[in-house]
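Enquirer: Curious how this folds, go ahead:
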Amino acid sequence: MEWIERAPAKINLALDVLYKRDDYYHELEMVMASVDLADHLTFTPLKEDEIRIYTNKVFLPVDTRNHVYQAVKLLKDRCGIKKGIKIEIDKKIPVAAGLGGGSTDAAAALRALNKIWDLQLSVEELIAIGNQVGSDVPYSIVGGTAFVSGRGEIVRKLRPMPSCWVILAKPRLSVSTKTIFRLLTVEELQHKSTSRVVAQAIEEGDYERMCQNVGNALEQVTFNKHPELRKLKDRMEKYGLDGVTMSGSGPTIIGFSRNTSRIKRAYNSLRGFCEEVYMVRLLNEE
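Expert: Numbering: from 1, shown residues only. Okay, the predicted model is just below:
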């Protein structure tokens with residue numbers, strides 16, 4: 001028996017860093033949404049009590065460094081499972097791109113195995129396990145449009161985002177989230193917190209207000225390290241895209257539009273000089 005689980009990419013419409021906590025994590029407020037760029041995970045039960053990970057990207061680890069492996073191991077330990085599983089990961093989401101690729105794969109594994117092994121764990125129990133793997137895993141378990149806080153473990157569902165197209169532009173560089181947060185000094189941030197305004201705009205179905213207030217506190221750090229990203233953001237704004245901002249710790253820059261011809265022109269123009277460009281829809285839009 002095979003089981004296939006979809007693992008959608010996430011985008012950050014807003015990311016605010018409030019302060020550094022006593023446990024050395026940062027207190028965050030974010031607005032996140034799922035888009036229809038996705039990895040797919042295929043699960044096959046094994047007779048042996050083993051976790052076997054395979055992927056179509058040769059540079060990705062398939063051992064204990066892999067988020068999926070970590071999530072499965074935690075789940076097996078938590079529930080006393082002595083069964084084995086083979087997981088094949090068909091990667092479509094760019095790696096180290098600010099789109100939550102590793103986290104959404106881990107979340108997909110937890111969702112799928114909860115059903116395959118008939119564990120009947122609640123969403124809250126899956127989130128508690130996922131939070132031990134990474135800060136974006138709790139959101140990825142829930143998916144959709146959400147207001148996320150704490151270090152990422154507090155997820156509040158929002159109504160679906162207003163309908164629109166989304167451009168994802170990922171240059172030929174990878175960004176380490178750990179590095180960006182290590183370089184971050186909260187007191188030096190010039191970013192105005194907007195997550196609550198964006199969340200309210202989404203709840204009211206106000207596309208214009210949503211786009212006017214998107215933003216990411218980490219841009220200041222990532223752009224200083226990679227100045228070419230500032231130029232990419234400026235170019236996307238010149239193409240007439242709405243609400244252009246960086247997703248996660250970067251380097252992917254995102255922009256929105258309700259105008260199909262404009263989004264297609266921006267997509268074709270960006271493909272001329274950007275490594276990877278995607279024109280996608282939201283997974284749960286109005």
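
Enquirer: Tell me the secondary structure at Ser140.
Expert: helix (DSSP: H, G, I helix; E, B strand; the rest coil).

Enquirer: Go ahead and confirm it touches Gly130.
Expert: Yes - taking CB atoms under 8 Å as the definition, Ser140 is a contact partner of Gly130 at 7.4 Å. For the C-beta atoms, the positions are set from N, CA and C on the backbone; glycine is no exception.

Enquirer: For those two, list the residues in contact with both.
Expert: Each of Ala106, Ala107 lies in contact with both Ser140 and Gly130 under the rule CB atoms under 8 Å, 6 or more residues apart in numbering.

Enquirer: Domains of this structure: list them as residue ranges, please.
Expert: According to the TED database, the chain comprises the domains 3-157, 165-281.

Enquirer: Just the terminal-to-terminal distance for the last one.
Expert: The stretch domain 165-281 measures 5 Å between its terminal residues, going by CA to CA, to the nearest Å.

Enquirer: Lys57 reaches Lys92, doesn't it?
Expert: No - the pair Lys57 / Lys92 is not scored as a contact, 10.0 Å apart, by CB under 8 Å.

Enquirer: shared neighbours, these two?
Expert: By CB under 8 Å, 6+ apart, no residue touches both Lys57 and Lys92.

Enquirer: how about Phe223, what does it touch?
Expert: By CB under 8 Å, 6+ apart, the neighbours of Phe223 are Leu229, Arg230, Met246.

Enquirer: Now mean pLDDT too, for the domains of the chain, in a markdown table please.
Expert: Below are the domains of the chain laid out as a markdown table (pLDDT from 0 to 100):
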| stretch | mean pLDDT |
| --- | --- |
| domain 3-157 | 97 |
| domain 165-281 | 96 |
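
Enquirer: and the residue lying closest to Pro162 once chain neighbours are set aside, how many neighbours?
Expert: Computed as CB to CB, 6 or more residues apart in numbering, the closest residue to Pro162 that is not its neighbour in sequence is Tyr207, at 3.9 Å. Neighbours of Tyr207 under the rule other CB atoms under 10 Å: 19.

Enquirer: now Tyr207: how far from Thr42?
Expert: 37 Å (CB to CB, to the nearest Å).

Enquirer: cool, and Met236?
Expert: 35 Å.

Enquirer: what about those two, which has more around it?
Expert: Met236 (22 against 15).

Enquirer: Quick check: the more buried one touching Ala169?
Expert: Yes - using CB under 8 Å, Met236 is in contact with Ala169, at 6.5 Å.

Enquirer: OK, contacts around the closest residue to Ile180 other than its chain neighbours?
Expert: Distance criterion CB to CB, 6+ apart; nearest residue to Ile180, sequence neighbours excluded, is Ser249 at 4.2 Å. Neighbour list for Ser249: Gly98, Val175, Ser176, Thr177, Ile180, Phe181, Leu218, Thr222 [criterion: CB under 8 Å, 6+ apart].

Enquirer: quick one: what helix or strand has Ser249 in it?
Expert: Assigned by DSSP states H and E, Ser249 falls within no helix or strand.

Enquirer: Give me the phi and psi for it.
Expert: phi -90, psi 10 (degrees, to the nearest 10).
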